[in-house]
Structure formats: structure tokens, C-alpha cells
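J.: Need coordinates for the below:
(chains A, B, C, D, E and F)
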4 protein chains.
Amino acid sequence: MAKNTLPATSEHEEKLERLLAVAAEIFAEKGYHHASIRELSRRAGVSLSGLYYYFSSKEELLFMIQERSLRRVLDGLKHKLKRSDEPAGRLRAMIGNHVGFFAQNMAAMKVLTHEFDSLEGKYKARIRDLRLEYSNLCTELLRELRRSTGSDEVLPLNVATSALFGMMNWIYTGYQPGSSIPVDRLSEHLFRLFTGGFSSSAEPAASLERRVG
Amino acid sequence: MAKNTLPATSEHEEKLERLLAVAAEIFAEKGYHHASIRELSRRAGVSLSGLYYYFSSKEELLFMIQERSLRRVLDGLKHKLKRSDEPAGRLRAMIGNHVGFFAQNMAAMKVLTHEFDSLEGKYKARIRDLRLEYSNLCTELLRELRRSTGSDEVLPLNVATSALFGMMNWIYTGYQPGSSIPVDRLSEHLFRLFTGGFSSSAEPAASLERRVG
Amino acid sequence: MAKNTLPATSEHEEKLERLLAVAAEIFAEKGYHHASIRELSRRAGVSLSGLYYYFSSKEELLFMIQERSLRRVLDGLKHKLKRSDEPAGRLRAMIGNHVGFFAQNMAAMKVLTHEFDSLEGKYKARIRDLRLEYSNLCTELLRELRRSTGSDEVLPLNVATSALFGMMNWIYTGYQPGSSIPVDRLSEHLFRLFTGGFSSSAEPAASLERRVG
Amino acid sequence: MAKNTLPATSEHEEKLERLLAVAAEIFAEKGYHHASIRELSRRAGVSLSGLYYYFSSKEELLFMIQERSLRRVLDGLKHKLKRSDEPAGRLRAMIGNHVGFFAQNMAAMKVLTHEFDSLEGKYKARIRDLRLEYSNLCTELLRELRRSTGSDEVLPLNVATSALFGMMNWIYTGYQPGSSIPVDRLSEHLFRLFTGGFSSSAEPAASLERRVG
DNA sequence: AATGAATGAGGGTTCATTCAT
DNA sequence: CATGAATGAACCCTCATTCAT
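T.: Next up, the predicted model:
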């Protein structure tokens, strides 16, 4: 009976999405605090006050950008993990998912990695929870992998997780579009670099030192 | 009497140093753009206008913090590199130097890693040069190491460098003082994690997959 | 069927009346200028733009609240005055009417007493006229009373009128519902307090001083 | 030794006082919420931001106006009460003090009587305390007076206090400068009007009714 | 060497109101 | 009748910086 059965993405949602994209670009370029709603208004072609129909504060804007990015990364990851049972493949999927998403949503991901502390109160708490969920999931993958390779490593898993995220998030620092390696290759490089050190345990490092000593 | 014969470190320099330290803390806490000179004035116990005797703009303040940190890291590294000839030891020295410095100058190092894009014009150019020098030096260490282990890796060295810096810089994200591993152990963990993957080349990764497959 | 034959109180009028009541509450709570049409929209469950079908501006809203209240007070008073011929009874009726109406329409009456100056132009003029009519009627009652008691008071009647309104309007300042005296008693108190001073002329005050001196 | 021994009123304090006076005028004219800091800036000949050197928010401005007025009224009253021991004289002093202060500081006093609810939080609490102190002191004066005249009135003292403040505060509603009675006479009128009713208790009112009935 | 006082530019946000649908 | 979406004007406030002293 209804003229249009509600589409998956309403016009309203579409416009909000577009605003979030533009805002993410500005936040990524200038940093959250230096960015101005007035510039968003200009770039989006919407009046300053008109923006507030779509969000209720600059901070909510930041929150929405971070939340949607994180959710999409997490959902993508969970979906991919269903396809693989063996630990190395699962870690490879995780890295591929993260790096791939980063490459395709550079602005939003930069905001996600750089502007967590710009949030406050409830917003911050909710993003912290999501981040924790993501990071715990990742730590779990590492635990599986370690168990499967039988290495009795002393490297604390949280340090490993941190290092892995550091590698993945830093790689696009100072990135110039077009000047770089295809995402697939990059992911594979990072995967090997990390698992090489992570799975080889203390011994290979020792052997390395012997070899080079 | 000798008030005016310039001592090795003049009173003026000492006070500037103190201001830089306080400023670094504020910048680290709130981010450069959100931080306010007023707060520096408050925390340092100096009048707002009095501050401008020691620096000429907020941006110069940011520049000085970054420049001094980078120089000290670089100088420390160069000094330590003199003591060792073998590639693995030299890389270990580099990681130890960076992580150690980070742990001891958390605020300044956070500013260094987070606020490069907040600089502009000449300031930005000069910090870029120093960063490049540091990063090139690091890439050189990796090249030495690869040559010495004989691995004909396809992993591009700039990717490796990026990944290494990512690991080192990320490790103190969300750091809570007192709740963590001693710096020496942390450095060693990172060293092994990185070199394990970096030096084992494609083969170990392949063997890993065989093992887990 | 009779949807379009205008009833004594049309649906339209009923809804307007409800809106005026809600608006009066908001204006009383926050003051006219601080109150927002958005809040009226929220509390009344009508869309922001939907409101403008019932009134054409925020100021008209304020005007309507004041006008209707004043008219009802005035009409009530005139009606009651028909029942009594003796001056004291007529003044008592006036006070009872005012205080009673205040107690039953606290919000609207607060708006009436507090927000006259928030009106402008024609709206203000029309309310001023009504206020004047009310106040003149009241002054007339005082004149009757004075004549009947034969007191040759020097107290100017407009001062007396002002004082009387002050007493009546102030009494509900900081009023907490339920914590107070019944309206009838309150009216009687005010009536006696006022007439006691008003009718006793200069002499009793002198005697008072003698007594306490 | 000091160049100038600090004067009772520093230049800074003088300027603040001037700003408060101008602000009080604007608040009195347009109401707190409708008044704009921009207009204060214009009328005071100080830049918008320059104002914030003297107060930290619009609400603090309102608070300072109310607090200083109240304190001056209270201090003036306490001082005058020292001179008189007999209850009627003390009440007369109270009314004279209040009305006199109102006449000389019309703007500030209008703000004090109209904009209490525009305050919030701590500011509101502190003004409420002062108001309470004033109102309690006034109630005490009434209690003394009643005791001394031996009248066993049933009129509750808080109603009497309310009525008295209502009379005093309302008298300048719609006041036009120059068009009015001298303050002294006005005070005396109000004093007699109030005490006449307050002290004559139920009997005179009864006699009045008999007379007029 | 240091400061109190002042400023222009710009920030985020709210508001009453309108208009196509 | 009623609404979702949009707007221009105005709001309070903060900031880095300056300058006379």
C-alpha cells in the first residue's frame, strides 16, 4: 500500500552518509579540533544550520564516523573469519581486511586511529568498547596461531597485538595516492613480516644472532 | 656577579626547557590545536604575555618540541651506532634507543608522532628533513642487515621501515604508567618480533603454512 | 457528518487552547525569550512547522496567552461585581477573583505578570489597554471604599492600587504546589491586610507609634 | 614603600562596576535572556572579547549584579537597624531602606526581582541564600512588631512578608522617571499601609465591615 | 624580564521561521 | 492539516597575539 516500501538506505541516510564522508576528509586533513563545521558546510554545499538537522554536535559527528568505520571493519572481519578454520589463514584474513579497509577508507580510518582521544564521556566509552572488542578478537587470533604452531613464546600477546596494529595503522602515514604497492601485496608483506617474527619464537632470533655474530 | 657571563646552560635556556616540557605535556594530552597557550600560562605559572618572551608563536613552540626531540633521538642513535659494527646489533641499538627515549619522554614523543601535520611552511619542511634523515638512517640499517643475512627478500625496505616505526610508535598508545613491562624487555621483544619476520624471508612463512595447513 | 458545521468550540479551537496551555507552562518556567518553539513542539507532540497553523509567530502566542487570561480575569470580576453593592464586599470580590484565578492558572498568570515587556508594537498596546482597564476598575473600587469609610486619606490611589497588585501578584513567587494555604483563606488574609491599612488612615498609624514608643 | 598604597577601589574594580551598571540597564530593559553581550560591548565601548577579562560568562555577570545589589541592601539595612530599638521604627527603616535603594538603583533592583530564575546551579544557590537571609530578617522584624503590639493575629508571618515584598517591589513597575512621588513619602505611605493592616488585626477589619455593611 | 589589559577573528550552536510536498 | 528539510541571523565564548608600561 505504501507508495515506496522503505528502501534499505533512505534518502536521509544517504545524505547523512555523504556528510560523514566529507567530514571524515576534513578531520583527516586538519585534525578534529582544527577542522571547522563551517568548512563542512562549505564543502558539502549545505547551510551551516542545515547541518544540524543531521547531527547534533561536532562531537557526535566524530563519533558517528568512528563508530561506523569500526563496525564495518569488525563486521567484515567476522564475516571473513567464517570462511577459514586454520589459524594462519584467519590472521591473514584479519590483516587483509584491516589493510584493505584502510586503503579504501583512508580518511575515516585516519580519523579512527588518530582522534580517539578527541572523544569524551559516553561517546568515548562506546568507541572504547568497540575498539576493545576488535583488539580482543585480534589477540584471540594470535593465541590460536601460537597454540597451533606449538611455540612457547614469552612475547606477551598484548604486546604482539599492539605491534601488529602499529604496523597496519602506520603504513599509510604520509601516503600519497597512486604511488604505492597494491593492497593485496602490501597485506601479504605485513602478514609475513609479522608471522615470521611471531611464530619463529626465541630460537630463530638466537640463531640469527649466532649467524650474524 | 657573573650574572651576565653566559653559563653553559643559561637561566634563560633552562626556563625555556621547562616551558617546552610543560607544553609537550599539554599538547600530548589534548592535541596541539585543542591545547591553549592560556593553559600553558596557568600550568607554568607565567603570565600569558610573559610567555612570548621565550617563543614567538604557538607553532614555534610545537616546532621546538619536535626538533629537540628528534635531534636528541638522532644524536643518541648515532652515538650508539659507533659502538657496534654488526648489523643485528646496530638494529637492536636503534630500537632500544627509540623505545627507550619514548619511554622517558612520552609527552614529547607523542607530540612528535602525532602532530607533524599541525606544522606548516618552513617549520614543517625542517621537521620533514630531520624525519627523513632518521628514517633513511633506519632504512640503511635494514639494508645492511638484509645483506648480511643473505636473504633476497622481496619485501620493500620502505615498507619494512614503516612497519618498524609503526610497531615502535604504537606500543605506547593507551599506555598507563606503572602498568607495563620494563623498557629493556619491551625493546628486545620488538627487536625479535621484527627481525624474526624480516630476516626469515619468504621461506619460513611458507614453512609455517605447511606446518599449520 | 457535522464535521464542518462550526460547533461552539471547534476542534480547532480546542487544540489551540491546549497549545496555549502548554506554551504558558513553558513561558512560565523559562521565561518568554528563553523558551523555544521547539520545546513546545516536543511537549505538545506536534511537528515544529505544524504549530504555525495555529499561530503565526511566537509573539502572537505570547499575546494570546496574555489576552485570554486578562479577559477571563476581567470578565470574572465584572460578573462578580454585579452581586454586591457595598464597597468592602466588592473589593473582597476583586481580591478573591484575582487570587483565585492566579491559583488556578498559575502558568498563564505568571506569564501575564512577568512578560508584558516582551511584547512589542500593536500586541503590547492592546495588552496595555486591557491592563489599564483592569487597573482603573480596581482604582475605582478603592475610591468607592474610601468614600464610604469617610477617611480623608492622603495616600494616592494609584500607589494603593500598585501596592495591592504587588501583594496579590507576589504571593505566588516561589510557590510550591501543595505546601500552602487554601485560596479562600489566603484571599481573606490579603483583603484584611490591605483594607486594615487602607481604611485606617493616618491616625491609627500614629496611635500605633504612640503605643509602641 | 609601594608606589601607591592600594586604593579602596582599584581601577579594575571601578571599570567592572561600570560594566555591571551598564549590564544591569540592559538586563532591566530587555530581560536577561533577550539581552546580548554584544550590546553591552557596544554601549560600554569595549570590544566583545575585552569584556571577558572582567567576567567569565553572561551568567556570572547576572550573578554579580544580583549579589552586589542584595549585599548592599542587606548591609544598608543592618546598619540602619542598629540605630533603632523599637519595632515600628525598625520596620520603617527596613521599608525605607528597600524602597530608597530601589529608587536609586532601579535597573539593578529590577534585575534582582525579575531574573532570579535565570540563574542556575551554584549561582542560583548563592543568591537564594542571600534572599533567604534578607527575607528571614524581614520576617523577624514582623515578629517583633506583632509581639510588641500584643496583637494575636492569625495572619501567617510568611504571607505577610511576601505581601510586603510584593508591595515594595511592584511599586516601580511601569515607573516613569520624574513623574512620581518623592521616595521618602512613598516609603512612609507603604509603611502605614502595611502596618495599618498588619497591626490592627482582625478586629478593625470586622469593625470596618460593620461600618460599611 | 614580565605583565595587565585589550582585541579581531573565528569557533560551535540555537533559534524562529519558511516552503515544497 | 501536517510535516521534513532547510535557512539566515544571531548567540555566547575562546583563542593567539599585541602593546604600553
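J.: if we look at stretch A:81-100, which residues are touching it?
T.: Identification of contacts with stretch A:81-100 by CB atoms under 8 Å, 6 or more residues apart in numbering or on different chains yields A:73, A:76-77, A:80, A:138, A:141-142, A:144-145, A:147-149, A:164, A:168, A:171, A:183-184, A:186-188, A:190-191, A:194-195, B:208-209, B:212-213. Where you see a C-beta, it was placed from the backbone N, CA and C, and this is true even at glycine.
J.: ok, 7 Å please
T.: If you take CB atoms under 7 Å, 6 or more residues apart in numbering or on different chains as the criterion, stretch A:81-100 is touched by A:73, A:76-77, A:80, A:138, A:141, A:144-145, A:148, A:168, A:183, A:186-187, A:190-191, A:195, B:208-209, B:212-213.
J.: list the buried ones in it?
T.: For stretch A:81-100, a neighbour-count test (16 or more other CB atoms under 10 Å in any protein chain shown) marks A:81, A:87-100 as buried.
J.: Just those residues: which are in strands?
T.: Judged by DSSP state E, strands contain none of the buried residues of stretch A:81-100.
J.: With DNA strand E in mind, check whether the lengthiest helix in chain A reaches it.
T.: Taking DSSP state H as the criterion, chain A has its longest helix at helix A:121-149. No: against DNA strand E, helix A:121-149 shows no contacts by CB under 7 Å from any atom of the strand, the least distance being 11.5 Å.
J.: neighbours of the residue nearest to residue A:37 when sequence neighbours are not counted, just the number please.
T.: In this structure, residue A:37 finds its nearest non-sequential neighbour in residue A:58, 5.8 Å apart by CB to CB, 6 or more residues apart in numbering or on different chains. By other CB atoms under 10 Å in any protein chain shown, 19 other residues sit near residue A:58.
J.: Worst mean pLDDT across the helices and strands of chain A, which element?
T.: For chain A, counting by mean pLDDT, DSSP states H and E, helix A:202-212 ranks last in confidence among helices and strands (a mean of 41).
J.: For chain A, list the residues in contact with DNA strand E, please.
T.: Within chain A, the positions near DNA strand E by CB under 7 Å from any atom of the strand are A:35-39, A:48-49, A:52, A:56-59.
J.: Please report how far residue A:76 lies from residue A:89.
T.: Taking CB to CB, to the nearest Å as the measure, residue A:76 and residue A:89 are separated by 16 Å.
J.: how many other residues sit next to residue A:31?
T.: By the criterion of other CB under 10 Å, residue A:31 has 22 neighbours.
J.: what about it, distance to residue B:105?
T.: 22 Å.
J.: How about residue A:9?
T.: 48 Å.
J.: which of these two has more neighbours?
T.: More crowded of residue A:9 and residue B:105, by other CB under 10 Å: residue B:105, with 20 against 10.
J.: ok, the more buried one to residue B:94 distance?
T.: Distance from residue B:105 to residue B:94, by CB to CB: 17 Å.
J.: In terms of pLDDT, where does the residue nearest to residue A:37 sit?
T.: Residue A:58 is assigned a pLDDT of 98 by the prediction.
J.: Same check on residue A:42?
T.: Per-residue pLDDT puts residue A:42 at 96.
J.: Now do the helices in chain A.
T.: Counting by DSSP H, one finds helices in chain A at the ranges A:11-30, A:37-44, A:48-51, A:58-81, A:87-104, A:106-114, A:121-149, A:157-170, A:183-199, A:202-212.
J.: Tell me which of these approaches residue B:113 most closely.
T.: Proximity to residue B:113 (CB to CB) singles out helix A:157-170 among these, at 9.1 Å.
J.: confidence score at the closest residue to residue A:69 other than its chain neighbours?
T.: Sequence neighbours aside, residue A:108 is the residue nearest to residue A:69 in space, at 4.5 Å (criterion: CB to CB, 6+ apart). At residue A:108, the pLDDT value in this model is 97.
J.: State the number of residues packed around residue A:108.
T.: 25.
J.: could you flag which of the contacts of stretch A:81-100 are buried?
T.: Buried among the contacts of stretch A:81-100 (16+ other CB under 10 Å): A:73, A:76-77, A:80, A:138, A:141, A:144-145, A:148, A:168, A:186-187, A:190-191, A:195, B:208, B:212.
J.: how far away is the nearest residue to residue A:159 once chain neighbours are set aside from chain C?
T.: Distances taken as CB to CB, 6+ apart put residue B:189 closest to residue A:159, at 5.6 Å, once the chain neighbours are dropped. Separation of residue B:189 from chain C (CB to the nearest CB, to the nearest Å): 56 Å.
J.: Same question for residue A:44.
T.: Distance from residue A:44 to chain C, counting by CB to the nearest CB: 23 Å.
J.: Alongside chain D, which residues does chain A contribute?
T.: Residues of chain A lying near chain D by CB under 7 Å from any CB of the partner chain: none.
J.: which stretches of chain A have low pLDDT?
T.: Applying pLDDT under 70 to chain A flags the ranges A:1-8, A:151-153, A:174-179, A:197-213.
J.: Try it again at 80.
T.: Within chain A, the ranges that satisfy pLDDT under 80 run A:1-9, A:150-153, A:174-180, A:197-213.
J.: Get me the contact residues on chain A for DNA strand F.
T.: Within chain A, the residues that sit near DNA strand F (CB under 7 Å from any atom of the strand) are A:11-12, A:15, A:46-50, A:52-54.
J.: Closest one to chain B out of the residues you listed, please.
T.: residue A:48 (20.2 Å; CB to the nearest CB).
J.: Count the residues that sit near the closest one.
T.: Residues lying near residue A:48 (other CB under 10 Å) number 12.
J.: returning to that earlier point: quickly check the residues of chain A next to DNA strand F for the two that are furthest apart.
T.: Farthest pair in the residues of chain A next to DNA strand F, by CB to CB: A:11 and A:48, 21.2 Å.
J.: Report the contact partners of residue A:21.
T.: The contact partners of residue A:21, taken as CB under 7 Å, 6+ apart, number zero.
J.: that older thread, need the buried ones from the residues of chain A next to DNA strand F selected in ChimeraX.
T.: Here is the ChimeraX command that selects only those of the residues of chain A next to DNA strand F that count as buried (16+ other CB under 10 Å):
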select /A:46,54
